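Q: here's my sequence, what's the structure:
(one chain, ligands or ions: 1)
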Amino acid sequence: MSEADVDLTDEACGLEDRLLAVESELQEVDAQIEALLARQQQLQKEREQLQYLCSANERAPRADWTGKFDWHEALNDVLRKQYGSTASFRPMQREVINATLQGRDVLCLMPSGGGKSLCYQMPALVREGITLVISPLLSLIQDQVDRLQNAGVSALAITSLTPKEAVNDMYKQIESDPALKLLYATPERIVSAKRFMGKLEKLYKSGRLARIAIDEAHCCSQWGNDFRPDYRKLAVLKQQFPTVPLIALTATATEDVCQDLKDILQIEGCERFRSSVNRPNLFYEVRTKPGTAAELSAAIAACIADEKGASGIVYCLTRKETEQVASDLQEAGISAGTYHADMLSELRMEVHKSWTAGRLQVIVATVAFGMGIDKPDVRFVIHHSMSKSIENYYQESGRAGRDGQPARCVMYFRFSDVLRQASVVSLEPGWQPRLMKMACYAAALSSCRRSFISRHFAEAPAACSGHCDCCCRAEGSAGSRNITTAAQDMAGTLDAFPSSDKRATLNQLIDRWRSAKGVGSSGKAMSRDECEHVISKLYYDGLLSLEMGYTAYATNAYIKLSPKGRHLLQGSKLQVQLEVLRRDQEDLAAPSKRRKKMLAADAT
Ligand SMILES: Nc1ncnc2c1ncn2[C@@H]1O[C@H](COP(=O)(O)OP(=O)(O)OP(=O)(O)O)[C@@H](O)[C@H]1O
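A: Residues are numbered from 1 along each chain as shown. Okay, here's the model as predicted:
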């Protein structure tokens, strides 16, 4: 190889090295450009959001929502057209509609049957553009769309049940039909169907996305009942469509849930409307659950017989129970059908339809029979077992009396149900305090149930006027009994349990307490039911707590002394009073030897 050849090869190598270096630098620059473009997009969105927040007050100033706005007469016209010439708005409806039409974000809390749907349907009718409605249930969506279409309103639903060809036609209609008013979808579609989001983007850019309504908004919060993970992702709506007014609606939300859903939906500065959770037409009642399943079914059948053929729901904890109770009711001559998640969906729909049409008097269901029940004349809701929280109970029992006429909400309760429910919900975050609160509601003998519910939702106690069993009891019919000695004996028995973690199931604890191995004499002097009463009282007072144990076959709820409960072991001055009805006190005062002994022990 000549010297010239070597030079040329060196030069070529140098050029290749430079080329590689340039290419690598270019790659870096491309990556940086990509990152910068992404950041630019992010900042533009953020700017848009901030501008929106800054200008929100200018564009959509706060006002006295009870006042008269430009759309006042248009709303009256639509209302009369829909509900007749004498129709009027229900409490809070007009105010909510005014705020959303003004362009504010709105959080609307209205009890079941209060008329939430109207709060987003009516604005859609008096304004141009399309209202996007997010709703969690296909049946609920279909029901609403059918009703709107029957009333001559142009409405569409795009769901997993919509055939592909129909979806294409619907997309065309969304783009081209100026008469389309309401577009329904499930949260799943927003979160996972890119094409659908693309269409919404187009609508937004052309100024035709008028409003977004999130129905059953409590599903956003994991602290609420019916948490749906996809609802959490609905944050994307405010991010993508910052200038579109959003209205979130729910019947049940505590303060924590409200804050959570405002954060998730990014509607911090929203207008909030809350009509009272009180349902004056509902009579609340808790009855002691009989010891056997057959006795309970008989009690429920008798309760239903009082209703003289009126429509109702019986809620059970398990699918098996729904079948057994429905069959017991049928045997008692009541027309009852079963509804639970294990049934074929066609069969479920058939049962639901028969019940709605009045061909079936009673539906015996698990909580799978839930949102979307739009039967106005449900005269009773009976709980075969307690609900898992007050929110759930309020919603489940609230399916009674949506027509405003008197209806009954009866719950059968005994403490062992707390433990059964615990084993069902123990994997849900924050289940313990919610279950405890539900149990305290059920265990009360003298404090008003309606007020309990009001306070739970941070409202002033509502006037009950004798519309719950506690308020119906004659004054002074409930008293209290000192059960300190029994409580100490029970705590001692639990603490002496052979297991290293000093815990026991309810049956194990009662068996031992009443046996020769039990500490003190009180357990031996009491019936199983009386022992259960004492244990339940200590649980309501926070002296006992629940701990779950998981095996391959079952989840067991164990009872344990809480740190506060350990004071019972240390001879502290802690006194425990059990609320009893006078009748029970009389029973307890009966001249039985064992009771005398126990009362004497408690008196010391
Ligand atoms: N102002 C009104 N006048 C007459 N009927 C009304 C009015 N507002 C709503 N309604 C009717 O009341 C019923 C209940 O309304 P809607 O279904 O909107 O209740 P909701 O608050 O959504 O209840 P839920 O939380 O149980 O779904 C519906 O049949 C509805 O048409």
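Q: and the protein, which residues reach the ligand?
A: Listed as neighbours of the ligand in the chain under the rule CB under 6 Å from any ligand atom: 83, 87, 89-90, 93, 110, 112-118, 251, 374. C-beta here means a position set from N, CA and C on the backbone, and glycine is covered the same way.
Q: so where's the longest helix in the chain?
A: For the chain, the helix that runs over the most residues, judged by DSSP state H, is helix 3-59.
Q: which strands and helices lie in contact with that helix?
A: Judged by 3 or more CB pairs under 8 Å, 6 or more residues apart in numbering; DSSP states H and E, helix 3-59 is in contact with helix 235-240.
Q: beyond the helix it packs on, next helix or strand please.
A: strand 246-250 (DSSP states H and E).
Q: centre of the chain to that following strand, how far?
A: 15 Å (CA atoms, centre = their mean, to the nearest Å).
Q: give the pairing partners of that strand; include direction for each.
A: Strand 246-250 sits in its sheet next to strand 106-109 (parallel), strand 209-214 (parallel), going by DSSP bridges.
Q: what residues does the shortest one touch?
A: I take that to be strand 106-109. Contact with strand 106-109 is made by 92, 96, 99-100, 116, 119, 217, 245-251, 253, 258, 261-262, 267, 270-275, 277, as judged by CB atoms under 8 Å, 6 or more residues apart in numbering.
Q: select only the buried ones of those residues in ChimeraX?
A: Per 16 or more other CB atoms under 10 Å, the buried members of these correspond to this ChimeraX selection:
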select :92,96,99,100,116,119,217,245,246,247,248,249,250,251,253,258,261,262,267,270,271,273,274,275,277
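Q: select from the contacts of strand 106-109 every entry located in strands.
A: Using DSSP state E, the members of those that fall in strands are 246, 247, 248, 249, 250, 271, 272, 273, 274.
Q: which single one of these is nearest to residue 287?
A: residue 250 (29.7 Å; CB to CB).
Q: residues near residue 430, how many?
A: 12 (other CB atoms under 10 Å).
Q: what number of residues lie near the closest residue to residue 49 other than its chain neighbours?
A: Closest residue to residue 49 apart from its sequence neighbours, by CB to CB, 6 or more residues apart in numbering: residue 242 at 4.6 Å. Other residues within reach of residue 242, judged by other CB under 10 Å, total 20.
Q: pLDDT of stretch 417-424, averaged?
A: The average pLDDT for stretch 417-424 rounds to 94.
Q: ok, stretch 436-455 next?
A: Taken as a whole, stretch 436-455 has an average pLDDT of 94.
Q: cool, and stretch 37-47?
A: Here the average pLDDT along stretch 37-47 is 86.
Q: shift numbering so it begins at 742
A: Will do, 742 is the new start, and the previous item becomes stretch 778-788.
Q: element containing residue 1315?
A: Per DSSP H and E, there is no helix or strand for residue 1315.
Q: neighbours of it, how many?
A: With other CB under 10 Å as criterion, residue 1315 counts 16.
Q: got it, and residue 1199?
A: So residue 1199, with other CB under 10 Å, has 12 neighbours.
Q: show me what contacts it?
A: 995, 996.
Q: return the set of buried residues in stretch 904-916.
A: So, applying 16+ other CB under 10 Å, buried residues of stretch 904-916: 911, 912, 915.
Q: pLDDT and secondary structure added to those residues, as CSV?
A: Formatted as CSV, these follow (pLDDT from 0 to 100; DSSP: H, G, I helix; E, B strand; the rest coil):
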residue, pLDDT, secondary structure
911, 92, helix
912, 91, helix
915, 92, helix
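Q: wait, which of those residues is closest to residue 1066?
A: residue 911 (42.4 Å).
Q: how much space between the closest one and the ligand?
A: 24 Å (CB to the nearest ligand atom, to the nearest Å).
Q: next: residue 897.
A: 19 Å.
Q: how about the spatially closest residue to residue 1050 that is not a sequence neighbour, what does it touch?
A: Computed as CB to CB, 6+ apart, the closest residue to residue 1050 that is not its neighbour in sequence is residue 1102, at 6.2 Å. Neighbouring residues of residue 1102 by CB under 8 Å, 6+ apart: 1045, 1050, 1051, 1052, 1053, 1075, 1076, 1077, 1096.
Q: same thing with residue 1040?
A: So residue 1040 contacts 1028, 1031, 1153 (CB under 8 Å, 6+ apart).
Q: which strand or helix spans the first one?
A: Spelled out, it's residue 1028. Going by DSSP H and E, residue 1028 is part of strand 1023-1029.
Q: residue 860 contacts residue 837, correct?
A: Yes - if you go by CB atoms under 8 Å, residue 860 and residue 837 touch, sitting 4.5 Å apart.
Q: which neighbours do those two have in common?
A: With CB under 8 Å, 6+ apart as the test, residue 860 and residue 837 both reach 849, 851, 988.
Q: any idea how far the closest residue to the last one other than its chain neighbours is from the ligand?
A: In space, not counting the residues next to it along the chain, residue 988 is nearest to residue 847; the distance is 4.4 Å by CB to CB, 6+ apart. With distances taken as CB to the nearest ligand atom, residue 847 is found 14 Å from the ligand.
Q: got a pLDDT number for residue 847?
A: For residue 847, the predicted pLDDT is 97.
Q: and it, how many neighbours?
A: 27.
Q: just the contacts of residue 1102 now: which is nearest residue 895?
A: Using CB to CB, these come closest to residue 895 at residue 1096, 30.7 Å.
Q: which element is that closest one on?
A: Per DSSP H and E: helix 1086-1097 holds residue 1096.
Q: elements contacting that helix?
A: strand 1077-1080, strand 1103-1106.
Q: about what we covered before: now distance to residue 928 too, for the strands paired with strand 987-991, in CSV please.
A: Below are those laid out as CSV (distance: least, CB to CB, whole Å):
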stretch, distance to residue 928
strand 847-850, 17
strand 950-955, 8
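Q: for residue 1037, find the nearest of those.
A: strand 847-850 (34.7 Å).
Q: in the chain, where is pLDDT below threshold?
A: 742-749, 964-966, 1324-1345 (pLDDT under 70).
Q: tell me the residue of the stretch 992-1141 of the chain that sits nearest the ligand?
A: Using CB to the nearest ligand atom, the closest approach of the stretch 992-1141 of the chain to the ligand is made by residue 992 at 4.1 Å.
Q: need the contact list for that residue.
A: 850, 851, 852, 853, 855, 857, 959, 1135, 1136, 1139.
Q: please name the nearest non-neighbouring residue to the first one.
A: This means residue 850. Per CB to CB, 6+ apart, closest to residue 850 is residue 1015, 4.2 Å.
Q: could you measure from residue 974 over to the ligand?
A: From residue 974 to the ligand the distance is 23 Å (CB to the nearest ligand atom).
Q: show me the contacts for that residue.
A: Contacts of residue 974 by CB under 8 Å, 6+ apart are 928, 931, 932.
Q: what's near enough to touch the closest residue to residue 1139 other than its chain neighbours?
A: Leaving aside its chain neighbours, residue 1139 sits nearest to residue 853 (3.7 Å; criterion: CB to CB, 6+ apart). Counting by CB under 8 Å, 6+ apart, residue 853 makes contact with 992, 1020, 1136, 1139, 1140, 1143.
Q: could you verify that the fifth one is part of a helix?
A: Meaning residue 1140. No - counting by DSSP: H, G, I helix; E, B strand; the rest coil, residue 1140 is not found in a helix; it is coil.
Q: mind checking which of the contacts of residue 974 are in helices?
A: 928, 931, 932.
Q: show me which of those residues is closest to the ligand.
A: Out of those, the member with the shortest distance to the ligand (by CB to the nearest ligand atom) is residue 928, at 16.7 Å.
Q: and the nearest residue to the closest one once chain neighbours are set aside, its phi and psi?
A: In space, and not counting its chain neighbours, residue 928 is closest to residue 971: 4.1 Å by CB to CB, 6+ apart. Backbone torsions for residue 971, taken as degrees, to the nearest 10, come to phi -70, psi -30.
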